[in-house]
Every structure is written in structure tokens, then in C-alpha cells.
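Trainee: Build me a model from this:
(one chain, ligands or ions: 1)
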Amino acid sequence: MVSEEHRREAAMLDVGGLTVEFGGVRALDGVRFAVPARQVCGLIGPNGAGKTTLFNCVSRFVDPTGGTLSVAGSDLLARRAHEVAALGVARTFQNLGLLDALSVRENVKLGSPAQRDGTPWRALRGGLAREDALDARADDVLALLGLADAAERRPGELPFGTLKRVELARALMGEPHLLLLDEPANGLSHGEVDELAQLLLGVRERLDLTLVLVEHHMGMIRAVADRAVVLDFGRVIADGEPERVCVDPVVVEAYLGTAAAA
Ligand SMILES: Nc1ncnc2c1ncn2[C@@H]1O[C@H](COP(=O)(O)OP(=O)(O)OP(=O)(O)O)[C@@H](O)[C@H]1O
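Mentor: Below is the predicted model of the structure:
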């Protein structure tokens, strides 16, 4: 029997009875699960189930009304949003926030915590050397994601599937251990979903990442996730291997009438 304390320390992400209320709406209701290091965990559930709210708690955009939340044993709830990256947590968003005035390489560099630390002291201390190091790191990340040829291009010139990878590259600039992906397959063709799935698995292996992805695309979940946690009305209704969870009658019932559980 594993003690509660040991479970917490061993988990990369530990969600302990998390509750969030918005006025009268209980968006999360005692959500409890732990994601071990290097696991790929799919977070699924119908619209309004609480998936984004959970991500927003991890990013510290939302304050829970109850429960605990920790990353590799560190209490996340004691941190502010700008301190989360330092714990090795990065996130992508449903809406790509890429700037068209900048090249792909410059956009990717914005994901580096060093780049955001724009104090005058930093600028005075040989900013050029630092800029070169950032360029080199951005180029490494771009190469890892098969984007080397896109480094000088503007986001507006590139297809959506490529932009999704640029956003992923930007998130990797912070050298995360835990990466949260918000609907990475949304808007991609079948071929692009397969490609992204392979890419994610490769990156996870290469960088020793723990991944949590919110996803409606069950093909993506089946392709990459070791495990699926299903939320409905703010509660965990199933937790297990994706193949098993997809045919769980409780999950099928929750998804009734939607394509996701098909
Ligand atoms: N800032 C907010 N203020 C009030 N209610 C909110 C807020 N954010 C979310 N909610 C409510 O909390 C519940 C959970 O929403 P959430 O966006 O987390 O669900 P979701 O599972 O991510 O849905 P989707 O798949 O549609 O993105 C919903 O009832 C939603 O309307």
C-alpha cells in the first residue's frame, strides 16, 4: 500500500480533491488523480466538464476553492502564475498566440523564461552573447520538431498544422518537465493528427517529458496516451487505459450523442 505522502512525491502532477466554484457553478468538484513522471495522460470529457478549468488551476489563472495541487512535490497553489514556469511547467493554448510581426524563430524565443526576464541589468550584461545562446537553443528546438526550414518565415505564411508545431516549440523553450497541451489535434487533418502524435511521442522520449493533454479527438488519445482521465460535470467518472475507458458505459453515456466516444 503506497502512502498518500509517497504518492504525492512520486507524481509529476498531483491533483488532490480540487474544487473550483464560479458563483453558483461548481466547475471542478473534488477532482483527484496523479500523473507519474513520463506518463502521457489524456484529459477528456464533454463540453463544460471542467478540463480547461483544471489547466487554468495548474497555470494559476484560477484559484481553487478547495483541494491541493502539486508538481513534483512542490505546492503549486503557493505560487503565482509567473512562478509556474520555474517549476518546469509549460502549456499550449487552444488559440495559437503567435505574433505575425515576428519570425518563427523570434516567436519561439518568446517561450524562454530568459527572454521574458527583460530587466535592464540583463540587457547591460552582454545581451548579445545571451541572444546568440537563445538563437541556438531556438534552432535546436525547431530542428527537433522538424521546423528548421521555417525559422525565418512569418506565422501567416505557414499552414495551421505547422503553426501548432511552432507553438509546441515555443512551449519547449522553457525546458519543461510537465507539458500541458490544450486540444493539440483541434483543426488538424487525419494525416496531421498522426504526424503530431508521432512527434509528441518522440519529443516525450527525447526530453523525458510528462504530458497531459486535453483532447476531444479520440484518435489522438488512443495514439499517444498511456492513460485517460474522464471528467463530467467537474468530477472524475473514469480513469484508466484509453481503450478501456472509451467503451466504459459511464463514459459513453456522458458523451451520448457526440462523436468523441465513437
Ligand atoms: N470564468 C468563468 N466564470 C464562470 N463560469 C466558468 C468560467 N470558466 C468556466 N466556467 C464554467 O465552468 C464549467 C467548466 O468549464 P470548462 O471550460 O473548464 O470546461 P471544458 O471541459 O474545458 O469545456 P470545453 O471542452 O468546452 O472547452 C462550465 O460550466 C463553464 O461554463
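Trainee: Domain ranges for the protein, per the record?
Mentor: Domain ranges of the chain: 9-88+176-261, 100-174, per the TED database.
Trainee: Up against the ligand, what does this structure have?
Mentor: Residues of the chain found near the ligand, taking Cβ under 6 Å from any ligand atom as the criterion, are 22, 25, 27, 45, 47, 48, 49, 50, 51, 52, 53. No exception for glycine: its C-beta is placed from N, CA and C like everyone else's.
Trainee: Select only the buried ones of those in ChimeraX?
Mentor: Typed into ChimeraX, the next command selects the buried ones out of the residues of the chain next to the ligand (criterion: 16 or more other Cβ atoms under 10 Å):
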select :27,45,49,50,51,52,53
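Trainee: Check the residues of the chain next to the ligand and tell me the two furthest apart.
Mentor: 22 and 45 (17.0 Å; Cβ to Cβ).
Trainee: now the spatially most central residue of the chain, which residues is it bridged with?
Mentor: What sits nearest the mean C-alpha location of the chain, by Cα atoms, centre = their mean, is residue 180, with 1.1 Å. Beta-bridge partners recorded for residue 180 (DSSP bridges): residue 91, residue 212.
Trainee: ok now do it, which residues does it touch?
Mentor: 55, 58, 59, 89, 90, 91, 92, 211, 212, 213, 214 (Cβ atoms under 8 Å, 6 or more residues apart in numbering).
Trainee: Deepest in the core, which of the domains of the chain is it.
Mentor: Most buried of these, by mean neighbour count (mean count of other Cβ atoms under 10 Å): domain 9-88+176-261, with a mean of 18.
Trainee: ok now it, how far from the chain's centre?
Mentor: Taking Cα atoms, centre = their mean, to the nearest Å, one finds the center of domain 9-88+176-261 at 8 Å from the center of the full chain.
Trainee: what does stretch 192-206 contact?
Mentor: So stretch 192-206 is contacted by 38, 40, 144-146, 161, 164-165, 168, 172, 181, 184-185, 188, 209, 211, 217, 219-220, 223-224 (Cβ under 8 Å, 6+ apart).
Trainee: Now do the closest residue to residue 175 other than its chain neighbours, the pLDDT please.
Mentor: Distances taken as Cβ to Cβ, 6 or more residues apart in numbering put residue 88 closest to residue 175, at 7.3 Å, once the chain neighbours are dropped. Among the per-residue scores, residue 88 holds a pLDDT of 92.
Trainee: For residue 88, grab phi and psi.
Mentor: Main-chain torsions, residue 88, degrees, to the nearest 10: phi 90, psi 30.
Trainee: ditto for residue 51
Mentor: Here residue 51 shows phi and psi, under degrees, to the nearest 10, equal to phi -60, psi -50.
Trainee: Provide a list of residues in contact with it.
Mentor: By Cβ under 8 Å, 6+ apart, the neighbours of residue 51 are 43, 44, 45, 214, 231.
Trainee: out of those, which are inside strands?
Mentor: 43, 44, 214, 231 (DSSP state E).
Trainee: Closest one of those to residue 113?
Mentor: Using Cβ to Cβ, residue 214 comes nearest to residue 113 of the ones in strands among the contacts of residue 51, at 23.5 Å.
Trainee: Surely that closest one touches residue 43?
Mentor: Yes - between residue 214 and residue 43 a contact is recorded at 4.9 Å, counting by Cβ atoms under 8 Å.
Trainee: Can you identify each of the strands in the stretch 51-200 of the chain by residue range?
Mentor: With strands called from DSSP state E, counting those that start in this stretch, the stretch 51-200 of the chain shows them at 66-71, 74-75, 89-91, 178-182.
Trainee: Nearest to residue 108, out of those strands?
Mentor: Residue 108 lies closest, by Cβ to Cβ, to one member of the strands of the stretch 51-200 of the chain: strand 89-91, at 12.3 Å.
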